[in-house]
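K.L.:
Predicted model, plus sequence, below.
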Amino acid sequence: MSVGESKMILVADDEAHILHIVSLKLRNAGYEVITAMDGREAFELASSQVPDLVITDYQMPEMTGLELCQELAANRTTKHIPIVMLTAKGFMLEDEEASLHNVRALLSKPFSPREVLEKINELLGSPAPAAAPAEAAEAEPDPTESQTTEAL
């Protein structure tokens, strides 16, 4: 992904370590990332910066992830933005409710950063970034590859 093609992703989670790992993985893949620590801040950022995709935790202070999805879906500027929701294991969202609020995927914690990236690439129609052979040989290992949210 070249700089001109870079897509913006908003990541909202009240757990700093999850924000860090997901943001790092996405930035390493060439995405521009903005972050929010609660639903209210996420809504304000989404309204002003209009990201290409939102990743949100379900349970956050100020405004839950589901409330954030409802607000985004009701706003003319943000209603088109696809959403990936991160949830506690076992949480389910009714299909009708998910589609009503533009939730395109639900990922249960713990998840791997690679799983998140694959889902984002799929939703945005972006191919997985590939390094040139010379660059790949010199590239340092991605520190997010060995981490999962469970280990944190």
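P.N.:
Perfect, thanks for sending it. Residues are numbered from 1 along each chain as shown.
K.L.:
Which strand or helix spans A105?
P.N.:
Counting by DSSP states H and E, the element that carries A105 is strand 103-109.
K.L.:
ok, and for that strand, which residues are buried?
P.N.:
Residues 103-107, 109 are the ones in strand 103-109 that count as buried (16 or more other Cβ atoms under 10 Å). Where you see a C-beta, it was placed from the backbone N, CA and C, and this is true even at glycine.
K.L.:
quick check, nearest of the residues you listed to V11?
P.N.:
Nearest to V11, judged by Cβ to Cβ, of the buried residues of strand 103-109 is L107 at 12.2 Å.
K.L.:
Name the nearest residue to the closest one, ignoring sequence neighbours.
P.N.:
Leaving aside its sequence neighbours, L107 sits nearest to L86 (Cβ to Cβ, 6 or more residues apart in numbering; 5.4 Å).
K.L.:
how close does E71 get to S47?
P.N.:
Counting by Cβ to Cβ, to the nearest Å, the gap between E71 and S47 amounts to 9 Å.
K.L.:
so where's the protein shaky on pLDDT?
P.N.:
Counting by pLDDT under 70, the chain shows low-confidence ranges at 1-5, 89-101, 127-152.
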